[in-house]
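Asker: Output the structure for:
(chains A and B)
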Amino acid sequence: MKLYQFVIVSVLPFSGVIAAAGPQDPPRRSGQESVYDELKKAPDKYSGKTNPLANDADAVAAGGILFEEHCEECHGKEGMGGKKAPSLRAEEVQNAAPGAIFWILTNGVVRKKMPVWSKLPEPERWQLVRYIKSLGIASARASQSGKP
Amino acid sequence: MLIVPPNSFCLFVLRHTAAILVLLSFLVHPPAGRSLENPYIVAYDHNLEEPGSLEVEYFSTFGTQRGGPDFHAYWAELEYGATAWWTTELYLDGQTTFGESTLFTGYRWENRLRPLKNEHLINPVLYVEFENTNGADKILKEVEGHDVEANYAVPNAVARQERTREMEFKLMLSSNYKGCNFTENTIATKNLSDEPWEFGYAMGASRPLAMKGAAHRCNFCRQHFVAGVELYGGLGDRYGFGLNDTSHYLGAGLAWNLPSGWTFRIEPTFGLNDNSHQFLLRWGVSREFSGFGSMIGGLFKGRQE
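Answerer: Below you'll find the predicted structure:
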């Protein structure tokens, strides 16, 4: 392999890193609102769904572990919001129908950096919904300071 | 000025990827993030890397060879989620043919793009890859055209003289249904020298051993294991499309996704016709580093108050 090929191969993949480095800034409030707006786009078919694990005693604990494994890095500890993703303790989320949160988890908001989580089996997504809804509303100021 | 010969450097990295992975995991303390990998080695599903995450992977294939010595081929893979709809990867390939030699066989740069923003029953992903390898490459990352076992019996000293530069395109159609994944990949490859288009396929199905997460932390819970099968092979070329003089494989795999971000995969694979290697043992280890993009981004920013 020639040296110039080696340089190209070394640099090109990191163009993706650089492309992604910019959008990692903390989201502005207006950006967060538009992310929350996605919840309103959930089709009625989903919004009307009830959580099949609503009476499952272990669902919140299991959802908490799944949240730590997959969501906490962006949404912050106990969903208080992080550098990359908004608080899940906001009224918009806590007052949303469980089915709407499930829909967001299933479809992601790909153009706004929220990944698709359809690779999690449905019961695990419902466990996450149970956990998120169990967190309750926290004020925006508390969310920003990281306190409930 | 000291210039490290690229081939030696790549071979060094390749042969020590597993050790480098372990070292990195001790030096860098990424946030815990359990990977959710399917057990496929060849087929791809539509689940892309999370944005900003880097996955470092090492894969290995032991293959039996009629008419020549058995071989051990391996590759290192850097998989980065540039955005939620674009994943880019760099591969470094190498192989050891027992009784002959060990050599670096080339590199690949691939990109997977998810054109639709919502989840559908069938989810398309577009795949584009540039491959610069030599004729001794034996990783069998995909099977296409008239790839047959006899091609791999050529001694390394001869095979390495052949240079292959090709573009590979795939259309992946994948579905997550009731916790199971079903995927089908259609492959079209064009050697950039004057050779015809070649075709191939890969398909897979997988399912976690448990659908619900456990209410306690564990490494051996069934939800961390995903079992699956994959089938792949060649479909000839533009002038000879079909199953004549092609090889086909069937593998049964298991992936173990640890909460710490490590994933182990193993897949015994069997050739389905006389043109195929009789047996391949494929395995891999990978580690996800969440927040890699932010870490690199932070290097280029000043401190913000």
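Asker: number of nearby residues for residue 109?
Answerer: The chain I'm using is chain A. The number of residues packed near A:Val109 is 20, by other CB atoms under 10 Å in any protein chain shown. Quick note: C-beta positions are derived from backbone N, CA and C, even for glycine.
Asker: You answered for a different chain; I wanted chain B.
Answerer: A count of nearby residues for B:Trp109, using other CB under 10 Å, gives 17.
Asker: For it, which residues count as its bridge partners?
Answerer: B:Leu90, B:Phe130 (DSSP bridges).
Asker: roughly how far apart are it and B:Val42?
Answerer: 18 Å (CB to CB, to the nearest Å).
Asker: same deal with B:Ala252?
Answerer: As for B:Ala252, its distance to B:Val42 is 13 Å (criterion: CB to CB).
Asker: more neighbours, these two?
Answerer: Remark: of B:Ala252 and B:Val42, B:Val42 carries more neighbours, 24 against 14, as counted by other CB under 10 Å.
Asker: Wasn't the more buried one part of a strand?
Answerer: No: with the criterion set as DSSP: H, G, I helix; E, B strand; the rest coil, the secondary structure at B:Val42 is coil rather than a strand.
Asker: Touching, it and B:Lys141? I think so.
Answerer: Yes: because the distance of 6.6 Å satisfies CB atoms under 8 Å, B:Val42 is recorded as touching B:Lys141.
Asker: Contacts for the helix or strand encompassing B:Thr186 next, please.
Answerer: Assigning secondary structure by DSSP states H and E places B:Thr186 in strand B:180-191. The set of residues external to strand B:180-191 that reach it, using CB atoms under 8 Å, 6 or more residues apart in numbering or on different chains, is A:119, B:38, B:40, B:43-47, B:127, B:142, B:144-145, B:164-175, B:197-207, B:228.
Asker: Past it, which element shows up next along the chain?
Answerer: strand B:198-208.
Asker: Just the buried positions in the next helix or strand after that following strand, please.
Answerer: Reading on from strand B:198-208 to the C-terminus, the next helix or strand found by DSSP H and E is strand B:225-237. Residues of strand B:225-237 classed as buried by neighbour count (16 or more other CB atoms under 10 Å in any protein chain shown): B:225-226, B:228-237.
Asker: ditto for stretch B:108-124
Answerer: Within stretch B:108-124, the residues that count as buried by 16+ other CB under 10 Å are B:108-114, B:119, B:123.
Asker: Would you work out how far apart the start and end of it are?
Answerer: Across stretch B:108-124, the straight-line distance between its terminal residues is 22 Å, by CA to CA, to the nearest Å.
Asker: Kindly report the same for stretch B:252-262.
Answerer: Across stretch B:252-262, the straight-line distance between its terminal residues is 20 Å, by CA to CA.
Asker: in it, what's buried?
Answerer: Buried residues in stretch B:252-262, counting neighbours by 16+ other CB under 10 Å, are found at B:253-257, B:259-262.
Asker: contacts for it?
Answerer: Residues contacting stretch B:252-262 (CB under 8 Å, 6+ apart): A:65, A:69, B:25, B:30, B:32-41, B:206, B:217, B:219, B:224-230, B:263-268, B:282, B:285-290.
Asker: still on that earlier bit, quick check on the contacts of strand B:180-191: which are buried?
Answerer: A:119, B:38, B:40, B:43-47, B:127, B:142, B:144-145, B:164, B:166, B:168, B:170, B:172-175, B:197-207, B:228.
Asker: Give me the number of neighbouring residues for the residue of the stretch 1-150 of chain B found nearest chain A.
Answerer: Distances between the stretch 1-150 of chain B and chain A by CB to the nearest CB are smallest at B:Ala82, namely 3.3 Å. Burial measure for B:Ala82: 24 neighbouring residues, criterion other CB under 10 Å.
Asker: Tell me which strands the helix or strand where it lies pairs with, and in which orientation.
Answerer: Take DSSP H and E as the rule and B:Ala82 turns out to sit in strand B:71-83. Counting by DSSP bridges, the strands paired with strand B:71-83 are strand B:54-63 (antiparallel), strand B:86-97 (antiparallel).
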